[in-house]
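Chemist: Quick one, fold the following:
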Amino acid sequence: MKRVWIYQSNRFLQAEEITRIEDILQEFVSQWTAHGSQLAGSFVVRYNLFLMLMVDEEQAMVTGCSIDKSVHLLKKIEQELDITLFDRMQVAYKASSSGKLCIASRDEFAALVENGDVNSDTIVFNNMLTAVEEVAEKWEVPLKDSWHARVFL
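Modeler: As a prediction, this is how the structure comes out:
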């Protein structure tokens, strides 16, 4: 299985910030180990907003310590770039009218749903996925097909 961790920034990243993140993550995944075994790690930055960190566990399994190392690194990236990557109360969605990617706090998103600006067909991002294989079909989904529906509909 290929595991994925999806981190959403609290704001859209600038080109130079993405370059910096890519440099940091490239160095990290090239040295990422679990109990002395090299992990087959990779990453991607999507939509100037999401960092996806991945590991092919068919080559070597991640451990609590190796996950802790990645979290520690991401917290350093947060500090360096003055961003937040661990705020699960931020909702990313595509505006129904324009398809533009937007970010809202949980309360703002609830208000958008109540006002009808967001509806059950609005595309949201399910950052809770853990398998890379799920990203293509289960990451960008209509609100009604996501865990968001239980909270907001």
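
Chemist: Show me the helices in the protein, by range?
Modeler: Using DSSP state H, the helices of the chain run over 15-31, 64-81, 106-115, 132-138, 148-152.

Chemist: For the nearest residue to Ser70 once chain neighbours are set aside, give me its contacts.
Modeler: Distances taken as Cβ to Cβ, 6 or more residues apart in numbering place Leu53 nearest to Ser70, at 5.9 Å, with adjacent residues excluded. For the C-beta atoms, the positions are set from N, CA and C on the backbone; glycine is no exception. Going by Cβ atoms under 8 Å, 6 or more residues apart in numbering, Leu53 touches Val4, Trp5, Tyr7, Leu25, Val29, Gly41, Ser42, Phe43, Ser70, Leu74.

Chemist: what's the spacing between Leu53 and Thr19?
Modeler: 17 Å (Cβ to Cβ, to the nearest Å).

Chemist: Just put the contacts of Leu53 in a markdown table and tack on pLDDT and neighbour count.
Modeler: Shown next, in a markdown table, are those (pLDDT from 0 to 100; neighbours: other Cβ atoms under 10 Å):
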| residue | pLDDT | neighbour count |
| --- | --- | --- |
| Val4 | 97 | 21 |
| Trp5 | 96 | 18 |
| Tyr7 | 97 | 21 |
| Leu25 | 97 | 23 |
| Val29 | 94 | 19 |
| Gly41 | 94 | 24 |
| Ser42 | 95 | 17 |
| Phe43 | 97 | 19 |
| Ser70 | 95 | 21 |
| Leu74 | 97 | 20 |
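
Chemist: For Leu112, state which of these is nearest.
Modeler: Tyr7 (22.9 Å; Cβ to Cβ).

Chemist: pretty sure that closest one contacts Leu51?
Modeler: Yes. Counting by Cβ atoms under 8 Å, Tyr7 touches Leu51, with 4.5 Å between them.
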